[in-house]
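Asker: Starting from these lines, generate the structure:
(2 chains)
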Amino acid sequence: MISSSFRHALSVALLTVAGALAFSSCSDKPDTAQTLPFIGERDVRPRADGGPADTIFAAIPSFTLTNQDGQTITNQTFAGKVYVADFFFATCPSICPKMQSELLRVYEQFKGNPQVSFLSHTIDPAHDSIPVLRDYAQRLGIQDASRWHFATAPHDTIFSLASRYMTAAQKDSGVPGGYAHSGTFALIDSDRHIRGVYDGMVKEEVDRLIKELPILLQEEAAKQKKAQ
Amino acid sequence: MKPLKQPVWYLRGLALLGVAVSVGSCFSNRQNEGATLYASHCSNCHGAQGEGLKRLIPPLAGADYLTKNRNGLACLVRKGLQGPLIVNGVDYNQVMPAADSHLTDSQITNILNFVQTSWGNQGEIFTIREVTEQLRACGASDGQ
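Answerer: Modelled structure (predicted):
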C-alpha cells in the first residue's frame, strides 16, 4: 500500500513536471510562427467613411545623423531594411562595454545579411567626434559603416530620438561618466515601427532578439513580395 | 518490499543533492569575495572570463601586463588608467575609470588575487601588506 501510494505521488509529481515542460515548450512554439508586436503608444483614428477605425502605431521620426565615416544618414539609409538601434558613448564607464559586446554578438549572427543594419548613437556628441567614433568602431572590429553606423548629431536631437527608441537617457553629474541611460536595444522594421525592445545588459534578452529578428525578416520578405 | 527500492533511491539522491548544495554554500572564503567584487566592479568591461573586448578593452586572462606591471596593479585598480598601452602585443587606448565606489585595501587585495588565480592565470598572490604598500606609494592607501 505504502509503496503504491508513494508511486502514485511520484507519478503525479512526474506528470506535473512533464506537464510544465510541455506547457513551456508550447509557449515557446508561437515564436516561430508569430509576428512580432508593435511597441509603443498607439493612436486610434476614426475613419471618415465610418468604417473600422485605423490604428496608428508609434514610429521613429525623421532624423539626420552623421556616421563614423562622415556620411549623412537618414531614415532613407535604412529603407527596405530592419535595424537595431542603441545609445552609448565612447568613454562610458558603466554599462556600455557590456552592451556593445552584446550588440556585437547580434551583429556577428547577422553580418552576412544586408537586410539587417545596426545604429549606435552617441549620447556624448561633445566628446565623441567623428574620429573618436571611427576609432571606437574599428577597435570593436567594425571596419566601415556599411552595416553598423556609429552616429552623432546635436545633443538635443540625440536625446529626443532616444526617447522615441524607448531608451531613457539624460545628463546626470551624479553618475560615473556623467550620463544616465538604459541599455535598450530597439528593433525597427522597414516602416519605422518598433517591433521589439530588449535589455542589452541581459544575455537572455539579447538571445531573444537573435531569435526574433528572423521572424521580422520573414514578415518583411512577405511584404516585399506583395508589393511586387 | 521490492517496489519500495526505487523511491528510496530517489530520496537518497535528493538527500545527497541537499548535502552538496549546503556544502557549496559553506565556502564563503576570500576567493569568493574577490569573485563577487570582480563581478560587480570589473566584469562589465573586462568580461566574465577576463576576455576583454576586441581592441577596446584589454583582457585580464593571460595578460602579460599583470606580470610586467605587478607593482602598479593596486594603484591601477584604485585610480583607473588611461592613455595608450600594449597588452599581449595589442595596443589599447581608452579610459579605465577609478573604481565606482570605494574599495578598501583588503578588497583590492581580494580582487587582484581572484584575477591572479582565475581563467588559467597563475600569478603570484598578493598580501594585504603588499597592496597597502603599493597604495601608499601612490598616496592612495586607506589602511583598511
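
Asker: Low-confidence regions, chain B specifically.
Answerer: B:1-31, B:100 (pLDDT under 70).

Asker: Now do the strands in it.
Answerer: Along chain B, the segments classed as strands by DSSP state E run B:81-82, B:85-87, B:90-92, B:95-96.

Asker: Just the residues contacting the second one, thanks.
Answerer: Read it as strand B:85-87. Applying Cβ atoms under 8 Å, 6 or more residues apart in numbering or on different chains, the contact partners of strand B:85-87 are B:Gly52, B:Pro58, B:Pro59, B:Ala63, B:Asp64, B:Tyr65, B:Asp91, B:Tyr92, B:Asn93. (Each C-beta comes from the backbone N, C-alpha and C, glycine too.)

Asker: Quick check: the gap between the second one and chain A.
Answerer: With distances defined as Cβ to the nearest Cβ, to the nearest Å, the gap from B:Pro58 to chain A amounts to 11 Å.

Asker: just the third one next, same as before
Answerer: For B:Pro59, the distance to chain A equals 12 Å [Cβ to the nearest Cβ].

Asker: With the fifth one instead?
Answerer: Applying Cβ to the nearest Cβ, the value for B:Asp64 to chain A is 19 Å.

Asker: that older thread, would you turn the contacts of strand B:85-87 into JSON lines with distance to A:Pro154 and neighbour count?
Answerer: Listed next are the contacts of strand B:85-87 as JSON lines, based on distance: Cβ to Cβ, whole Å; neighbours: other Cβ atoms under 10 Å in any protein chain shown:
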{"residue": "B:Gly52", "distance to A:Pro154": "33", "neighbour count": "22"}
{"residue": "B:Pro58", "distance to A:Pro154": "33", "neighbour count": "22"}
{"residue": "B:Pro59", "distance to A:Pro154": "37", "neighbour count": "20"}
{"residue": "B:Ala63", "distance to A:Pro154": "40", "neighbour count": "20"}
{"residue": "B:Asp64", "distance to A:Pro154": "43", "neighbour count": "11"}
{"residue": "B:Tyr65", "distance to A:Pro154": "39", "neighbour count": "18"}
{"residue": "B:Asp91", "distance to A:Pro154": "32", "neighbour count": "11"}
{"residue": "B:Tyr92", "distance to A:Pro154": "30", "neighbour count": "20"}
{"residue": "B:Asn93", "distance to A:Pro154": "27", "neighbour count": "13"}
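
Asker: So for chain A, the centremost residue is which one?
Answerer: By Cα atoms, centre = their mean, chain A has its centre lying nearest to A:Ala186, at 2.6 Å.

Asker: Secondary structure element for that residue, which one?
Answerer: If you go by DSSP states H and E, A:Ala186 is part of strand A:184-188.

Asker: Only alpha carbons, please: show that strand as PDB.
Answerer: Coordinates of each C-alpha in strand A:184-188 appear next as PDB, following Å, rounded to 0.1, in the frame of the first residue of the first chain:
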ATOM      1  CA  THR A 184      17.900  49.200 -24.600                       C
ATOM      2  CA  PHE A 185      18.200  47.600 -28.000                       C
ATOM      3  CA  ALA A 186      15.200  48.600 -30.200                       C
ATOM      4  CA  LEU A 187      14.300  46.500 -33.300                       C
ATOM      5  CA  ILE A 188      12.900  48.700 -36.100                       C
END
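
Asker: which residues are contacting it?
Answerer: Residues contacting strand A:184-188 (Cβ under 8 Å, 6+ apart): A:36, A:60, A:78, A:82-87, A:102-103, A:106, A:165-168, A:194-200, A:205-206, A:209, A:212-213, A:216.

Asker: That strand pairs with which strands?
Answerer: Looking at strand A:184-188 with DSSP bridges, its partner strands are strand A:82-88 (antiparallel), strand A:194-199 (antiparallel).

Asker: Around residue 96, count how many other residues there are.
Answerer: No chain was given, so I picked chain A. 28 (other Cβ atoms under 10 Å in any protein chain shown).

Asker: wrong one, I was asking about chain B
Answerer: 19.

Asker: now swap in A:Pro114 and tell me
Answerer: 11.

Asker: Quick check: it vs A:Phe78, distance?
Answerer: 12 Å (Cβ to Cβ, to the nearest Å).

Asker: Fine by me, we can end here.
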